[in-house]
Structures are given as structure tokens and as C-alpha cells.
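Peer 1: Kindly generate the corresponding structure for this input.
(chains A and B)
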Amino acid sequence: MALTPLVLTNADLYLDSADLSGYSNKMTVGVKQANLDKTTFASNGWHEVQGGVFDGDISVEGFYQAGDNSMPDDQIWGDLGISSVPFTAIPNGGGAVGDIAYVMRALECDYTFGGKHGELLGFTLSAKTNAPVGRGNVIHPTGIARTSSGNGTGFQVGAVSAIQRMYANLHVMSISGTATPTLTVTLQSSVDNTFGSPTTRATFNAATSLQGQYQAVLGAVTDTWWRVTWTISGTNPSFLFNVSIGAGAK
Amino acid sequence: MDIDAVHKGLGSAVDALPGIKGYPNLPGSINPPVFAPTEFTMAYSQTFQTPTAAGLVEVEFTCGVFTSEGDTEQGRADLLKFLPADLSSTTSIKKAIEADKTLGGVCKTLFVARVRGAYRLYEIGATSYLGAMIDVKVWG
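Peer 2: Now for the predicted structure:
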């Protein structure tokens, strides 16, 4: 296959309710496994290793801004000390349905801001995952405002084996309206793209404020198609939110 | 970022100062003291773009300030009057531009970074003018 290299210009990074994309310019997601030496005299002169514990880490660099929980400083500061902050990384595509997404739950380990006089104030954030990293797809796009209850577009993310879970992150990034606008998102699977008789796999808590949530669906799930549905209440409600899911180790 | 709107914003900010005419672009002939943005350098994608917004761009505008025909004592005095970093000055171009760092909402922020080539003679049309270049960093 011909090389189609990716220029990293439109990565999406969601931390709880903050869309860090417009504030950041560098991201890394790393997954590694300890390699345990099991070399013996019978190893024919080569090291032999056994896979050990997995480890995941995330780092972000960007520009400082504070104001509310949609901005980096408020959200990062508020999440310090919380061991299960939903974090979704989408390397390319802008958060549209089907974009490849890495779904994580992480502990912020290092938050630094500062810079040189005359330059934009920057920040760096490092976090360590606290659960297996799921690799899958966006199933609800970031940029489409929802004002009434509805069903999302299905996407064939794939089945979940008996030794896996389907991890799901919900990021509620914008809320407007009166009379307590409320969003409740449900994750469904189906045997095909018609969603004729979908199975509800998880329901996120009702959201009335900017926030992130995390769910895990135990395998095995033989259905390969997934979507979200949402119910919305309130007066003139409008929500921007992203849901990404990905299968990972149990 | 609307480059033309930034040019207009820079010209208007300096035009409000006493004793100097601010233009959004450099006229073919001038009657000093005059200020005008001339050229710019732009760096795209300083942040990742989002579904609803392009990435941050950083633009460095080079602006000219010209104070006399030829190298004159009055021209040098005027130049020094407009270039101070002292923000208590009532004639500082830096202070005038940084008074509204969004130039009325056309950029996210800005910073008057440096003065270059002060007391140099710059040719506009067929005439040499005493002046200086001012670099303004603008993000939007």
C-alpha cells in the first residue's frame, strides 16, 4: 500500500469537559508492557522475555487559558488528585463518527505552566492511565449540537471478546438552555447497521453540567455495530458532546 | 485571522496618538511622521484545529515609522518620542497598540516585540526618510 503520511494538524484531545485541541499543539499517547527476563542456559545465546504489566501514559503541551471547565487550566486543576479522569485522544479527523479514538481513564501526574517573557504562556500535562487503553472509534461527533432526544449514527467498531471490555468516554463540552438542561446518553450495540433490536450496553449518568464520564462494558459482545442514543430535557436545551469507544483488555 | 482587519487596527491605534498619522498600509508618498504596517510573516497551526475552529496562527507584522525626510535632528527627536518602552509615555507606539490587545476583537492577543533599524534611512518612492521598523506579534 502506498504511504499516506499524516501531518498532525487536527488531533482532538478531550479531558473531562475540556476540548484541549484548540489550546494544544503537541500530544503523545504511549502504551508499553514490561518485558521480564526469562533467559536460561537453554536460550541459545539470546535473551528471552516474558510480557509483564501494561502501562499507559499521555502528554499534552499547549497554551494556558482559564475561565471555566471548558478551558485547560480550570479542568486540569480541578482534576488534580482524581484517579479516573476520562481522556480521549483522536489523532486525526476532528472528532467525526468513525475517527480512530484512544479511550483512557487517567491520573494527572505532572501539570506545569510557564514560559518566557513575550511568548504565549504555555502548559504541559502528563498523565498515567489507570485502566486498560481502549482503541476504537468516535461514535458521537463533537461539533454537532443536539437540542432534542435522538439516535446517533451506527458505526461498526467491532465485537468484544470474552477477555476484553468496551471502554466508553462521554465528554460534555457545552450546555445552554434554561430549566436545568439535562442530557442522558445510552450506549447500544446491534448485530447490524439497522439497529432493528438494539441492546443497551451502558447508560451514562444524567449530565446537567460540563463533565466527563467513563463506562466499561464487559465482553463477550458479539454485536459489531455500536451507537449512542440520548434524551434531552429542559427549555431551549443545546449540548455539544463527544462519545468515543474502544475495546481493550479486561 | 483577518490580516486586513489587523492592518486597519494597527493603523487606527497609532493614528490616535498626537503628532503622527497611522495608516493601514503604506501610501506611495508620505508626509512624516507616519506609521504603517508593511509586511508580515505567518506561522500556521500553532494549535490543533477543532471541528469548529482553525488552529491558532501566529503572525509577525513589520511596521514602519518614518519621522523626517532625510536624517534630521527633528526626525531623530520624533523617532525617540514614538519608540519608548516606558508605558507612562503619552506618545509611545507600543503603549498605543497594546492598549487593546485584540484590536477591537480581530485577534486573540498581541505583543509589540521589538524595534529594528532605528535611525536608518528608508526609501519610499524616490525619497529617503528617517525611520525604524517595529515588529508586532499577533495571535489569532
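Peer 1: can you pull the contacts of the residue of chain B positioned farthest from its centre?
Peer 2: Taking C-alpha atoms, centre = their mean, the residue of chain B most remote from its mean C-alpha position is B:P51, at 32.9 Å. Going by C-beta atoms under 8 Å, 6 or more residues apart in numbering or on different chains, B:P51 touches A:12, A:94-96, A:141-143. C-beta: built from backbone N, CA, C; applies to glycine.
Peer 1: wait, B:V59 sits on B:E39?
Peer 2: No: contact between B:V59 and B:E39 fails when scored by C-beta atoms under 8 Å: they sit 10.6 Å apart.
Peer 1: How about the lengthiest strand in chain B and chain A, touching?
Peer 2: For chain B, the strand that runs over the most residues, judged by DSSP state E, is strand B:109-124. Yes: applying C-beta under 8 Å from any C-beta of the partner chain, one finds strand B:109-124 touching chain A at B:109, B:111, B:113.
Peer 1: out of the residues you listed, who's nearest A:M173?
Peer 2: B:T109 (23.1 Å; C-beta to C-beta).
Peer 1: Chain neighbours aside, what residue packs nearest to that closest one?
Peer 2: B:K101 (4.8 Å; C-beta to C-beta, 6 or more residues apart in numbering or on different chains).
Peer 1: Based on its surroundings, how many neighbours for A:S148?
Peer 2: 10 (other C-beta atoms under 10 Å in any protein chain shown).
Peer 1: follow-up on the earlier one: for the residue nearest to B:T109, which residues are in contact?
Peer 2: Contacts of B:K101 (C-beta under 8 Å, 6+ apart): B:107, B:109-111.
Peer 1: hang on, the earlier thing: higher neighbour count, B:V59 and B:E39?
Peer 2: A count of neighbours by other C-beta under 10 Å puts B:V59 above the other of B:V59 and B:E39, at 19 against 11.
Peer 1: other SSEs contacting the longest strand of chain B?
Peer 2: When contacts are defined as 3 or more C-beta pairs under 8 Å, 6 or more residues apart in numbering or on different chains; DSSP states H and E, strand B:109-124 packs onto strand B:58-69, helix B:73-82, helix B:93-98, strand B:127-139.
Peer 1: 7 Å instead?
Peer 2: Under the contact definition 3 or more C-beta pairs under 7 Å, 6 or more residues apart in numbering or on different chains; DSSP states H and E, strand B:109-124 sits against helix B:93-98, strand B:127-139.
Peer 1: That strand pairs with which strands, and in what direction?
Peer 2: Sheet partners assigned to strand B:109-124 using DSSP bridges are listed as strand B:127-139 (antiparallel).
Peer 1: pLDDT (mean, whole number) over the partner strand?
Peer 2: Strand B:127-139 carries an average pLDDT of 97.
Peer 1: relative to strand B:58-69, how tilted is that strand?
Peer 2: Orientation check (axes from the mean of the first three to the mean of the last three C-alpha atoms, to 10 degrees): strand B:127-139 against strand B:58-69 gives 160 degrees.
Peer 1: how far is strand B:127-139 from where the chain is centred?
Peer 2: 6 Å (C-alpha atoms, centre = their mean, to the nearest Å).
Peer 1: Also stretch A:221-230?
Peer 2: 17 Å.
Peer 1: what do you get for stretch B:27-35?
Peer 2: 13 Å.
Peer 1: Repeat that for stretch A:14-32.
Peer 2: 9 Å.
Peer 1: what's the answer for stretch B:19-39, then?
Peer 2: For stretch B:19-39, the distance to the chain centre is 10 Å (C-alpha atoms, centre = their mean).
Peer 1: Just the CA atoms of that stretch, as CSV, please.
Peer 2: Extracted in CSV, the C-alpha atoms of stretch B:19-39 (Å, rounded to 0.1, in the frame of the first residue of the first chain):
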residue,chain,number,x,y,z
GLY,B,19,1.7,64.1,16.2
ILE,B,20,1.7,61.0,13.9
LYS,B,21,-0.5,59.7,11.1
GLY,B,22,-1.3,56.0,11.3
TYR,B,23,-2.2,54.2,8.0
PRO,B,24,-3.4,50.6,7.5
ASN,B,25,-0.9,50.3,4.7
LEU,B,26,2.0,52.4,3.4
PRO,B,27,0.9,55.1,0.9
GLY,B,28,3.0,55.8,-2.2
SER,B,29,4.0,59.2,-0.8
ILE,B,30,4.0,60.3,2.8
ASN,B,31,4.2,63.4,4.9
PRO,B,32,6.0,62.3,8.1
PRO,B,33,5.7,61.4,10.9
VAL,B,34,3.8,58.4,9.6
PHE,B,35,3.2,54.8,10.8
ALA,B,36,2.1,51.9,8.6
PRO,B,37,2.2,48.1,8.7
THR,B,38,4.3,46.9,5.7
GLU,B,39,4.9,43.1,5.6
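Peer 1: buried set for that stretch?
Peer 2: For stretch B:19-39, a neighbour-count test (16 or more other C-beta atoms under 10 Å in any protein chain shown) marks B:20-24, B:26, B:30, B:32-37 as buried.
Peer 1: got the residues of chain B near chain A?
Peer 2: B:45-53, B:55, B:111, B:113, B:139 (C-beta under 7 Å from any C-beta of the partner chain).
Peer 1: Sitting in strands, which of those residues do you find?
Peer 2: Using DSSP E, the residues of chain B next to chain A in strands are B:111, B:113, B:139.
Peer 1: Quickly name whichever of these is closest to A:V243.
Peer 2: Distances from A:V243 to those, taken by C-beta to C-beta, are shortest for B:W139, at 31.9 Å.
Peer 1: ok, longest strand in chain A?
Peer 2: Max-length strand for chain A by DSSP E is strand A:164-190.
Peer 1: now the contacts of B:P51: which count as buried?
Peer 2: By 16+ other C-beta under 10 Å, the contacts of B:P51 give A:12, A:94-96, A:141-143 as buried.
Peer 1: now, among these, which is nearest to chain B?
Peer 2: A:G143 (3.0 Å; C-beta to the nearest C-beta).
Peer 1: Good, wrapping up.
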